[in-house]
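Q: give me a model of this one.
(one chain, ligands or ions: 1)
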Amino acid sequence: MEQANIVIIGGGVVGCAIARALSARWGDVFVLEALPKIGMGASSRNSGVIHSGLYYPPRSLKARHCLRGNQLTYEFCAAHGVPHRRTGKLVIASSPAESEELAALMRTGETNGVENMQIIDRAAIRAREPHVAGFQAIEIPSTGIVGSEELVKAYARIATDQGAHIVVQAKVERLEPTRDAIRVFSTAGEIETRCLVNSAGLYADEVAQLLGSAMADHRIYPVRGEYCELQRSRQDWIRGLVYPLPHPEGVSLGVHLTKTVWGNVLVGPTARYLDDKNNYEREREPIAEFARSAKLLLPELEPSDLLPAYSGIRAKLTPPGKRGEKRVADFIIARDPQFPCVVQLIGIESPGLTSAPSIADDVRDLAAEILD
Ligand SMILES: Cc1cc2nc3c(=O)[nH]c(=O)nc-3n(C[C@H](O)[C@H](O)[C@H](O)COP(=O)(O)OP(=O)(O)OC[C@H]3O[C@@H](n4cnc5c(N)ncnc54)[C@H](O)[C@@H]3O)c2cc1C
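A: Residues are numbered from 1 along each chain as shown. Take a look at the predicted model:
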């Protein structure tokens, strides 16, 4: 059987960022990706926002990785020619009744270390975004956008240049722990590894289950986010990133307006719990529903201004709850107590794209405990 130092299951943005960090230090690093290309899961089906770290509970892994990942992502994109732009972002309070919530959100951001935010008024909102309505907004200069597929490819390219092997159409189907290694059986062959990293996104709980790990109890609930986009003739209605206040139950950041690096404007994503991790398209939200949600921010918007676009599926650790019940969970990034040569990453939902290089640094430290 072929021998590896490290096998990473999952060629999304997180798996590829980890491969880049680990292959700088160790040889015989493999990424096994089930699909025909890397980055076809959540990593290319998102808003492409480089988040600032505003929303997450202080001292959480999400807050720490987002803050550090924000800076590392900008540095990486600039160094490696990945399309990106530091656009800044507005989070809008639509009426005076939302002012208090807006101020509380800004305090959370300040506690997390987000810098140079300010509250702006209706006139300043109009000056920045002439078509957007709002009573007040937080302006966050550190938020930006990135071409997410290009980001995944750049992490993978550097990993490969450093000697890592990225193998596609390699779905991991069986894992067999031995005394101090793991045997990995995939559709591309078999390999024994001294260190295994589970970075399987939506399927991370099922990969943990293949190992017989109790960490598989951290079940992943798929929550679909659908997008529409503005018709080309309406794209100049939005200059940057415009968000409402986040969903009160913590399920999503709310249907927002995102001008991508390519100049089109996304409207979304929605949030709907699914039974099927593969259901990207069935029973999509009617376009009129997108127009209704986004009209609060963009009053001129009519359903005829929108075209349906792609959807992505979030890897949520919280089940659907009752109305009004908070549903917030942190990333799980840890060595498996039952299988110490395994690093488990479970529930890497938003801000996972932003956090990837910071998560990769922590996984490198955990891998060093196993391999050095
Ligand atoms: C709608 C939406 C909007 C988002 N917006 C943002 C945003 O604006 N900014 C931000 O920072 N984050 C955002 N996120 C979150 C971000 O996209 C994810 O956190 C990130 O892409 C997760 O990366 P990943 O590598 O863990 O998962 P994935 O990209 O899903 O990769 C996991 C990979 O594992 C593979 N795999 C699974 N099982 C196996 C197996 N058994 N064998 C081999 N391979 C396997 C899959 O095929 C997949 O390619 C958003 C997410 C969604 C869904």
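Q: in three-state terms, label Gln290 for me.
A: For residue 290 the amino acid is Phe, not Gln. helix (DSSP: H, G, I helix; E, B strand; the rest coil).
Q: go on, Val328?
A: The three-state assignment at Val328 reads coil, by three-state DSSP.
Q: next, the contact list for Ala181, please.
A: Ala181 sits next to Glu192, Thr193, Arg194, Cys341 when contact means Cβ atoms under 8 Å, 6 or more residues apart in numbering. Glycine gets a C-beta too; all of them are placed from N, C-alpha and C.
Q: want to throw those residues into JSON lines with neighbour count and pLDDT?
A: What follows is the contacts of Ala181, written out as JSON lines (neighbours: other Cβ atoms under 10 Å; pLDDT from 0 to 100):
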{"residue": "Glu192", "neighbour count": "15", "pLDDT": "98"}
{"residue": "Thr193", "neighbour count": "23", "pLDDT": "98"}
{"residue": "Arg194", "neighbour count": "18", "pLDDT": "98"}
{"residue": "Cys341", "neighbour count": "20", "pLDDT": "98"}
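Q: just these: which are in strands?
A: Taking DSSP state E, the ones among those that sit in strands are Glu192, Thr193, Arg194.
Q: from Gly163, how far off is the last one?
A: For Arg194, the distance to Gly163 equals 16 Å [Cβ to Cβ, to the nearest Å].
Q: report the contact partners of the residue in the stretch 101-250 of the chain positioned nearest to the ligand.
A: Taking Cβ to the nearest ligand atom, the ligand has its nearest neighbour within the stretch 101-250 of the chain at Gly201, 2.6 Å off. Residues in contact with Gly201 (Cβ under 8 Å, 6+ apart) are Gly10, Gly12, Val14, Gly41, Ala42, Ser43, Ala315, Ile348.
Q: helix/strand/coil for the last one?
A: The one in question is Ile348. Relying on three-state DSSP, one would call Ile348 coil.
Q: I'd say it and Ala17 touch.
A: No - taking contacts as Cβ atoms under 8 Å, Ile348 lies outside contact range of Ala17: 10.9 Å.
Q: any shared contact partners between the two?
A: With Cβ under 8 Å, 6+ apart as the test, Ile348 and Ala17 both reach Ile359.
Q: who's in contact with Cys341?
A: Cys341 is in contact with Asp180, Ala181, Ile182, Thr193, Arg194, Cys195, Leu196, Ile370, counting by Cβ under 8 Å, 6+ apart.
Q: distance of it from Gly15?
A: 17 Å.
Q: before we move on, what about Lys295?
A: Distance from Lys295 to Gly15, counting by Cβ to Cβ: 39 Å.
Q: looking at these two, which one has more neighbours?
A: Set side by side, Lys295 and Gly15 show more neighbours around Gly15, with 34 against 14, by other Cβ atoms under 10 Å.
Q: pLDDT score assigned to the nearest residue to Pro303 once chain neighbours are set aside?
A: Spatial nearest neighbour of Pro303, excluding adjacent residues (Cβ to Cβ, 6 or more residues apart in numbering): Ala291 at 4.4 Å. pLDDT recorded at Ala291 is 93.
Q: Ala291 contacts Leu307, correct?
A: No - using Cβ under 8 Å, Ala291 is not in contact with Leu307, being 11.7 Å away.
Q: and Thr354, what helix or strand is that in?
A: helix 352-371 (DSSP states H and E).
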